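Visitor: Here is my input; please provide its structure:
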Amino acid sequence: MKLCSANLEYLPDNVKRPAYPRGRISEGIVHIGVGGFHRAHQAFYTDALMNQGQALDWAICGAGLRAEDRKARDDLKAQDYLFTLFELGDTPDTEVRVIGSMQQMLLAEDDPQALIAKLAEPNIRIASLTITEGGYCIDDSTGQFMAHLPQVQHDLAHPEAPKTVFGFFCAALERRRQAGIKPFTVMSCDNLPHNGQVARKALLAFAALAGDAYGAGLHGWIAEHVSFPNAMVDRITPMTSAAHRQQLLEQQGVDDHWPVVCEPFVQWVLEDRFSAGRPAWENVGVQFTEDVTPYEDMKIKLLNGSHLALTYLGFLKGYRFVHQTMNDPLFVEYIQTYMDRDVTPQLAPVPGIDLVAYKAKLIERFSNQAIADQLERVCSDGSSKFPKFTVPTLNQLIASGGELDRAALVVAAWALYLKGTDETGATYRIPDPRAAFCQALVASDEGLTGRLLGVEEIFGQHIPASAAFVEAFERQLHNLRTLGVTGTLTALLGKP
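Guide: Got it, this is the predicted structure:
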C-alpha cells in the first residue's frame, strides 16, 4: 500500500498511524536539516504528543539548505509528508508507526525569501537544527567561528539571499525584531558537546561580522533575547537503504519512498530554556533539566567515543556493520575495557543514571543484529568527530598519567583506515568533507605521526606534545601493520 493520506485507513492494523486529524494541526517549529535522525527523534516525540491530543499547534515545517535535500523533499511531498518509523530490534516489542507531525518542507535554493518569511512568522516559536557537527563552522582547535569559509563570506556579501543557517536566522530574527515579535528559540539537536552554546556562539559571531547588514543592533538583541538550550540526543538511526524499504513493504505492506529505520531505544535530555514556549514533550518521555552537561558527557564519551573506537578497527578488519564487530568477542572485550577503564573514571555522577547498567545497554544496542547499522555511517566525518568524541578523553588520560594504548589504538586505526584499503584488500571511499586533506596526511609512512597528530584543529596541542601518547600511537600503528586487527587486540588485551 502506497503511503499517503488517502491510504492511511487501509494500512495493516499493526501499523500505527496518527490519532489526530492532520488538517487541524498548525506549524510551530521550523527544522533545518531533515534527515533520518530528526525524523526518528524530534518528529517522533512531537507526533507522540499529538497522538495524546496535545501540541497540535507545534507541527514541523522542514527546511533544506543543500542541493541534496531536494530528493528528500520530493519523496516526502509525494506521500503528503508522511513517513514510516520502522523500529528494528532483536526483541518482539518493536513498533511500526506512521509519523504525521511534519506538514511541509521548504528548499532554500528554490526561494530563500520564502524560508525567511516562514521563520519570521509569529507562530514559529522554535527553530531546530540537525546540520552535523561541522555545520556550525567552529574551529575545534581555537573555538573560533570560521569567518573565512566561502558560504559565510557569501552571506555577509549577500544578506538578501543567504545560504547558511546563520544568514537565514539573522534575516528572520531581524524581521521579528522590527515587527515586535518574540524571537524563536534556537534548538540544536546535533550530537556535539554543549550544542546550544555552540549554536549561540556561531550565530552571534556571524551577527557581529554582519554588523548592520541585517539591522543595527541585531547582535545585541539576539544575545539578550534568544534562547539556545543544550540537549543530549540519542537514538541509533542507520541510513535507510533499498533493503530497508523492501523489508518494510514485505513485512508490513507499506510502500514508503523514505522510511526511517531506528533502534527501539530513544532518549532526549533537554534544558528547559525557551524564548517563546515549547511543546510539553515531558509527557512523552523527554527529560527536562537545568544542566544537561553530565548526561551529555556520558553519552558523547561512552556511546560516541566507543562507536569511534570500534568503527575504524571494524572497517579495517573487513566488517561493514556495527553488529558484525560485536559478534567478535575481541571487539566486545576491547570496547568494554575502554569504557570501564578509560572513560568512566572521567565522568561526573549522572542524576538518575546507573553507569554500569548504561554501559551494559550500550553493548546490547551495538549488538542489535536487526538494525544493521552501517559502519560507513559511523566512520563518516571523522575529522569533525574526533575533536568532540575522542580528543577530550585522550587529553584527560594524558593529564592524569593514565594508560594510553587503548585510546591510542582508536587514532591508529583511523590513520590506517584513511589509506582506503582493508585487510581483505577491498578498497572503499572515505566519507568525510576533508577526505583529500586527511588522506594526504597518511599518504607516506615517513613522518606520518607528526603530520597527522600535528593537525591542531583535530588533535589540539596536548596530544602531539605528549611523548607517551606519541609512543603509544606508534606502537599501536606498528601492531596494526604487522599483526592485523585481531593480533593487535589480542596483544592489547593480554590474550594468550
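Visitor: Mind jotting down where the strands sit in the stretch 51-200 of the chain?
Guide: 59-64, 83-87, 96-99, 102-107, 126-129, 185-188 (DSSP state E, counting those that start in this stretch).
Visitor: Go through the ones you listed and name the closest to residue 138.
Guide: strand 185-188 (12.0 Å; Cβ to Cβ). C-beta: built from backbone N, CA, C; applies to glycine.
Visitor: C-alpha coordinates for that closest one, PDB please?
Guide: What follows is strand 185-188, C-alpha atoms only, in PDB (Å, rounded to 0.1, in the frame of the first residue of the first chain):
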ATOM      1  CA  THR A 185      14.300  29.500  20.400                       C
ATOM      2  CA  VAL A 186      17.300  28.100  18.500                       C
ATOM      3  CA  MET A 187      17.300  24.400  19.500                       C
ATOM      4  CA  SER A 188      20.200  22.300  18.300                       C
END
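Visitor: now the one residue sitting closest to the centre of the chain: how far from residue 389?
Guide: Most central in the chain under Cα atoms, centre = their mean is residue 191, positioned 4.1 Å from the mean C-alpha point. To residue 389, residue 191 is 9 Å away according to Cβ to Cβ, to the nearest Å.
Visitor: Mind listing the shared neighbours of these two?
Guide: 300, 304 (Cβ atoms under 8 Å, 6 or more residues apart in numbering).
Visitor: Could you check which helix or strand contains the closest residue in space to residue 493 that isn't next to it in sequence?
Guide: Distances taken as Cβ to Cβ, 6 or more residues apart in numbering place residue 333 nearest to residue 493, at 5.7 Å, with adjacent residues excluded. Taking DSSP states H and E as the criterion, the element that holds residue 333 is helix 329-337.
Visitor: next one: residue 325
Guide: helix 322-326.
Visitor: Quick check: mean pLDDT of that helix?
Guide: Averaging pLDDT along helix 322-326 gives 97.
Visitor: And that helix, what does it pack against?
Guide: helix 305-317, helix 355-366, helix 375-379 (3 or more Cβ pairs under 8 Å, 6 or more residues apart in numbering; DSSP states H and E).
Visitor: burial of the residue nearest to residue 493, as a residue count?
Guide: Here the number of neighbours of residue 333 (other Cβ atoms under 10 Å) works out to 14.
Visitor: Would you check how far apart it and residue 494 are?
Guide: 10 Å.
Visitor: How about residue 80?
Guide: According to Cβ to Cβ, residue 80 stands 58 Å off from residue 494.
Visitor: Kindly report the same for residue 100.
Guide: 54 Å.
Visitor: Comparing those two, which residue is more hemmed in?
Guide: Comparing residue 100 with residue 494 by other Cβ under 10 Å, the one with more neighbours is residue 100, at 25 against 6.
Visitor: So for residue 367, which of the strands of the stretch 51-200 of the chain sits nearest?
Guide: Among the strands of the stretch 51-200 of the chain, the nearest to residue 367 by Cβ to Cβ is strand 83-87 (16.0 Å).
Visitor: got the angle for that closest one vs strand 102-107?
Guide: Counting by axes from the mean of the first three to the mean of the last three Cα atoms, to 10 degrees, strand 83-87 points 110 degrees away from the direction of strand 102-107.
Visitor: can you offset everything so residue one is 39?
Guide: Let's use 39 as the start, then, which means that last one is strand 121-125.
Visitor: which outside residues touch strand 121-125?
Guide: Applying Cβ under 8 Å, 6+ apart, the set of residues contacting strand 121-125 from outside is 41, 53, 77-78, 82, 114, 132-137, 140, 282, 285-286, 290, 292, 294, 296-302.
Visitor: same question, stretch 307-316
Guide: Applying Cβ under 8 Å, 6+ apart, the contact partners of stretch 307-316 are 163-164, 220-223, 225, 234, 263-270, 319, 324-330, 333-334.
Visitor: Kindly report the same for stretch 466-480.
Guide: Contacts for stretch 466-480 (Cβ under 8 Å, 6+ apart): 172, 353, 414, 417-422, 453-460, 486, 489-490, 493.
Visitor: could I get it in CSV with only the CA atoms?
Guide: The C-alpha trace of stretch 466-480 is given here as CSV (Å, rounded to 0.1, in the frame of the first residue of the first chain):
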residue,chain,number,x,y,z
TYR,A,466,36.4,1.9,-0.1
ARG,A,467,35.7,5.6,-0.2
ILE,A,468,36.3,8.0,2.8
PRO,A,469,33.0,9.8,3.7
ASP,A,470,34.5,13.0,5.1
PRO,A,471,34.3,16.5,3.7
ARG,A,472,38.0,16.8,4.3
ALA,A,473,38.8,13.3,2.9
ALA,A,474,41.5,14.5,0.5
PHE,A,475,43.3,16.5,3.2
CYS,A,476,43.1,13.7,5.7
GLN,A,477,44.3,11.1,3.2
ALA,A,478,47.3,13.3,2.2
LEU,A,479,48.4,13.2,5.9
VAL,A,480,48.8,9.4,5.8
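Visitor: what mean pLDDT would you report for it?
Guide: 96.
Visitor: what do you get for stretch 316-330?
Guide: Confidence for stretch 316-330, expressed as mean pLDDT, is 97.
Visitor: buried residues in it?
Guide: Using 16 or more other Cβ atoms under 10 Å as the test for burial, stretch 316-330 gives 316, 317, 319, 322, 324, 325, 326, 327, 330.
Visitor: And for stretch 514-524?
Guide: By 16+ other Cβ under 10 Å, the buried positions in stretch 514-524 come out as 514, 515, 517, 518, 523.
Visitor: Please apply the same query to stretch 525-532.
Guide: Buried residues in stretch 525-532 (16+ other Cβ under 10 Å): 526, 527, 530.
Visitor: Can you lay out those residues as CSV showing distance to residue 344 and pLDDT?
Guide: Shown next, in CSV, are those (distance: Cβ to Cβ, whole Å; pLDDT from 0 to 100):
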residue, distance to residue 344, pLDDT
526, 17, 98
527, 14, 98
530, 15, 97
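Visitor: Is it possible to get TSV of the residues you listed that adds distance to residue 252 and secondary structure?
Guide: What follows is these, written out as TSV (distance: Cβ to Cβ, whole Å; DSSP: H, G, I helix; E, B strand; the rest coil):
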residue	distance to residue 252	secondary structure
526	53	helix
527	54	helix
530	54	helix
